[in-house]
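S.K.: attaching a predicted model along with its sequence, questions to come.
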Amino acid sequence: MTLAHVIGYPRIGADRELKRATEAYWQGDIDQQALEAIGRDLRLANWAAQREAGLDLVTVGDFAFYDQVLDVSVLLGAVPARFGAEEEVARGEVALDTAFRMARGRAPSGEPAAACEMTKYFDTNYHYLVPELRPGQRFRLASSRLFDQVDEARSAGHPVKVALTGPLTWLWLGKGRSDAGDDFDRLALLDGVLDVYVEVLQRLAGQGVEWVQLDETALVQDLPLAWRQAFERAYHRLQAAPVRLLLASCFGGLGDNLSLAVGLPVEGLHIDVVRAPAQLEAVLDRLLPHKVLSVGAIDGRNVWRADLALLRERLATARMRLGERLWIATSCSLLHVPVDLAAETTLDAELGSWLAFARQKLDETAALARLLDGRATAAERDRVEAASRALQSRREAPRLHRPEVAERMAGITAADIRRRSPFAERAVAQQRHLALPLFPTTTIGSFPQTAEIRADRRAFKAGELSCEAYEARMREEIARVVARQEALGIDMPVHGEPERNDMVEYFGEQLDGYAFTRFGWVQSYGTRCVKPPILFGDVVRPAAMTVRWSEYAQSLTARPMKGMLTGPVTLLQWSFVRDDQPRETTCRQIALALRDEVVDLEAAGIRAIQIDEPALREGLPLRRAEWQGYLDWAVECFRLAASGVRDETQIHTHMCYSEFNDIIESIAALDADVITIETSRSAMELLDAFQDFAYPNAIGPGVYDIHSPNIPEVAWMVALMEKAAERIPVERLWVNPDCGLKTRGWAEVEPALANMVEAARELRRRHG
């Protein structure tokens, strides 16, 4: 019998129940007992869904109130000293509030402290909390949550497979503190980490767990020799644990780590054959005869329906060669897709027939396993036929391709992807028009989306508020935001984006080729959920999208108003993208649409335009050999969007919560006049790249961590900017938050921005 399972399942709930409960707890509206009860109900519902779909094992350990990597840090007792949790670690039970303070700087109990750094998880749109590591660090089992969840699942009668971030990947994702020095070897901590993992595995075995899935996604990246050797050492030690280990690799192919992975002393190996289909044959040839192979054949990263008939044909050889040693799974955790397509009652029927969300992917996984065994039910055979019909209709759908888009794409020239003059000349022209002071202040774009704004948007969408009334209220909010920025002394204000729901969704709603769901929420980090659009066809901008809002905001102030757009790479990366043409082709289509918007903003008198590209770094392939090809077209798409304006118009871009140092030359190649980046959580370490690379344009290293409710002090921000001034000439430095302020409240934002403006004034006094 071919066994069916998933690598992980969404934890947010079909209606974002976890988000609502967690935020209610932070706000004091419910207590921890109520929050824990909601978490337990969600876990039970998720396990029940897996069993109802016909999966043979339920996955335990994929639930987290904030982040699964953070949970492993807590499990290992890897809590930085500033959170004052030494006693909690010593008694083996780190409090939930301590984890929340690590994630966001504060919680209902405990003293506020600087939150841990957050960055993107491999090449996904999910953010994780970076483990903080230091020389000589000690580890110990410091949480019982995983074991409690195993008891819950077993008490409910479910067969359990535990999923846990693997020890090497946890270290790989971690970062040494800056005071540890650049030569700090994280692998020096491996033995201590393994001590705890062995203890965890032994305890799980005592609970009756047979299989433990260790997610070692680091194996799909380029690993130094020392790390390869560490994998061998680690798993030879872990093999003594009285459980069966499934080594899981996701998001790509094993590549040059294939021999290493198949040779490790584990009972099973999971591979991703969605991202790397060619590796299946190589793994089959190398797999030892006693090992299980879990084939990740159902796409865990995208929403398109699986071609079950085709997959049955492709996997027939694997089924013949492996027999019952073949497992069928999702390519990765379903954390990255929405929960349930059944909720989408208003989605266009044809498009809906092409899709599968997490709940439907459970059915696909189970059906594929039974198809391979020849034991599919009548309903499952019907599902295969329905999938084949739907996929054929998608291939033939005329709305996917538009001749005018192809014609315009063919007409792109080299002149379209470069500004008219070099930065040095543009900077002079821009300063003549903008007349900005030294250390100019600005924000990243969005301001707090209050309950009133959200209520107005809901009422408008529900037809309870007329378009005229809705727009009048948005103009009132823009006027308030502009007035507040003037009072604070912000040099380059923004309109605050009250009319926007999400930085991708808002633009996708106004572009042909995009479709939207009502409940297609996906976790981005913690309680932050996004609703990625579905990019199914050729992209066209029917009309201007932002011009009238920016034009109105500019009419309210003599200061230069900054227009706000989401960049082409981010509109691509943060969508569920069509898979019937190269991603770079789709990205160029988006860039052309945005180019029209940029030109229209300039014509309306907007002299500074920000084109956000927070997703540029995360789009990098996981293998370095493939980077340049991606960066070439990603940079070209940004420049295609940005280069239609005159020298006097200042182009900004923004990036946040990613590692940029290794692609700094490509960032410079964007040729944005000003780039704003996240540096507050990482204590300006992102600027280390500028020690060896003379970044040519202006930069705003974010000095205010907007993901924490803590209000930054003036002295702290001044100190960060002084560090930046050691690497960047002060004439090219801006002062700004590290991200948009949408998720914060005005009670936090106004004093924080007041301190930021005062920090800029102090810097002018020092350097003027």
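M.R.: Perfect, thanks for sending it.

S.K.: tell me the contacts of the residue nearest in space to the middle of the chain?
M.R.: Nearest residue to the geometric centre of the chain (CA atoms, centre = their mean): Asn125, 2.2 Å. The contact partners of Asn125, taken as CB atoms under 8 Å, 6 or more residues apart in numbering, are 336, 522, 524, 530, 532, 573-574, 615, 618. In this view, the C-beta of every residue, glycine as well, is placed from N, C-alpha and C.

S.K.: His236 too?
M.R.: Each residue near His236 by CB under 8 Å, 6+ apart is listed here: Pro265.

S.K.: tell me which helix or strand it sits in.
M.R.: According to DSSP states H and E, His236 maps onto helix 225-238.

S.K.: mind listing what's buried in that helix?
M.R.: By 16 or more other CB atoms under 10 Å, the buried positions in helix 225-238 come out as 227-228, 230-231, 234-235, 237-238.

S.K.: how far does it sit from the chain's center?
M.R.: Here helix 225-238 is found 29 Å from its chain centre; the criterion is CA atoms, centre = their mean, to the nearest Å.

S.K.: what are the pairing partners of the helix or strand just after that helix, and which direction each?
M.R.: Downstream of helix 225-238, the next assigned helix or strand under DSSP H and E is strand 244-248. Paired with strand 244-248 in the same sheet, following DSSP bridges, are strand 211-215 (parallel), strand 268-272 (parallel).

S.K.: save those strands as a markdown table, and put in distance to Arg140 too.
M.R.: Output for the strands paired with strand 244-248, formatted as a markdown table (distance: least, CB to CB, whole Å):
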| stretch | distance to Arg140 |
| --- | --- |
| strand 211-215 | 19 |
| strand 268-272 | 29 |
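
S.K.: okay if I get those strands as a markdown table plus mean pLDDT, mean neighbour count and distance to Asp363?
M.R.: Formatted as a markdown table, those follow (pLDDT from 0 to 100; neighbours: other CB atoms under 10 Å; distance: least, CB to CB, whole Å):
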| stretch | mean pLDDT | mean neighbour count | distance to Asp363 |
| --- | --- | --- | --- |
| strand 211-215 | 98 | 25 | 21 |
| strand 268-272 | 98 | 27 | 20 |
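
S.K.: count of residues packed around the residue nearest to His5 when sequence neighbours are not counted?
M.R.: Spatially, and ignoring its direct neighbours in sequence, His5 is nearest to Leu57 (4.5 Å; CB to CB, 6 or more residues apart in numbering). Number of residues near Leu57 (other CB atoms under 10 Å) recorded here: 23.

S.K.: what of the one 3 residues further on?
M.R.: Residues contacting Val60 under the criterion other CB under 10 Å number 27.

S.K.: do I have it right that it meets Ala163?
M.R.: Yes: counting by CB atoms under 8 Å, Ala163 is a contact partner of Val60 at 7.0 Å.

S.K.: before we move on, the earlier item: which ones among the contacts of Asn125 are found in helices?
M.R.: Gln573 (DSSP state H).

S.K.: now the contacts of Asn125 as JSON lines including pLDDT?
M.R.: Shown next, in JSON lines, are the contacts of Asn125 (pLDDT from 0 to 100):
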{"residue": "His336", "pLDDT": "97"}
{"residue": "Val522", "pLDDT": "97"}
{"residue": "Ser524", "pLDDT": "94"}
{"residue": "Val530", "pLDDT": "91"}
{"residue": "Pro532", "pLDDT": "92"}
{"residue": "Gln573", "pLDDT": "94"}
{"residue": "Trp574", "pLDDT": "93"}
{"residue": "Ala615", "pLDDT": "88"}
{"residue": "Glu618", "pLDDT": "80"}
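
S.K.: just give me the closest of the contacts of Asn125 to Val274.
M.R.: Nearest to Val274 among those is His336, at 11.7 Å by CB to CB.

S.K.: which ones are touching the closest residue to the closest one other than its chain neighbours?
M.R.: Take His336 and drop its neighbours on the chain: the residue closest to it by CB to CB, 6+ apart is Arg301, 5.1 Å away. Counting by CB under 8 Å, 6+ apart, Arg301 makes contact with 124, 251, 274-275, 331-332, 336-337.

S.K.: with Glu648 instead?
M.R.: Residues in contact with Glu648, defined by CB under 8 Å, 6+ apart, are 426, 429-430, 432-433, 607.

S.K.: just the element for Gly740, please.
M.R.: Gly740 is part of no helix or strand when elements are defined by DSSP H and E.

S.K.: from Ala376, how far out is it?
M.R.: 48 Å (CB to CB, to the nearest Å).

S.K.: more neighbours, these two?
M.R.: Applying other CB under 10 Å to Gly740 and Ala376 shows that Gly740 carries more neighbours, namely 25 against 20.

S.K.: per-residue pLDDT, the closest residue to the more buried one other than its chain neighbours?
M.R.: If the residues on either side of it in the chain are set aside, Gly740 comes closest to Ser446, at 3.6 Å by CB to CB, 6+ apart. At Ser446, the predicted lDDT confidence score is 93.

S.K.: in the sheet, who's paired with Ser446?
M.R.: On the basis of DSSP bridges, Ser446 is bridged to Gly496.

S.K.: residues contacting it?
M.R.: Contacts here follow CB under 8 Å, 6+ apart; on that basis Ser446 touches 494, 496-497, 500, 503, 564, 740-742.

S.K.: packing partners for the helix or strand hosting Glu665?
M.R.: Using DSSP H and E, Glu665 maps to helix 664-669. Here helix 664-669 touches helix 627-642, going by 3 or more CB pairs under 8 Å, 6 or more residues apart in numbering; DSSP states H and E.

S.K.: beyond the helix it packs on, next helix or strand please.
M.R.: Next in sequence after helix 627-642, counting helices and strands by DSSP H and E, comes strand 650-655.

S.K.: state the mean pLDDT of that next one.
M.R.: 94.

S.K.: taking the contacts of Asn125 one by one, which sit in strands?
M.R.: Of the positions in the contacts of Asn125, 522, 524, 530 sit in strands, assigned by DSSP state E.

S.K.: quick check: the first one touching Pro338?
M.R.: Okay, so that is Val522. Yes: assessed by CB under 8 Å, Val522 is found in contact with Pro338 at 5.9 Å.

S.K.: what sits in contact with each of these two?
M.R.: The contact sets of Val522 and Pro338 overlap at 10, 531 (CB under 8 Å, 6+ apart).

S.K.: so for these two, which residue has more residues nearby?
M.R.: In this view Val522 and Pro338 are compared by other CB under 10 Å, and Pro338 has more residues nearby, 28 against 24.

S.K.: tell me the SS of that one?
M.R.: Secondary structure for Pro338, judged by DSSP: H, G, I helix; E, B strand; the rest coil, is coil.
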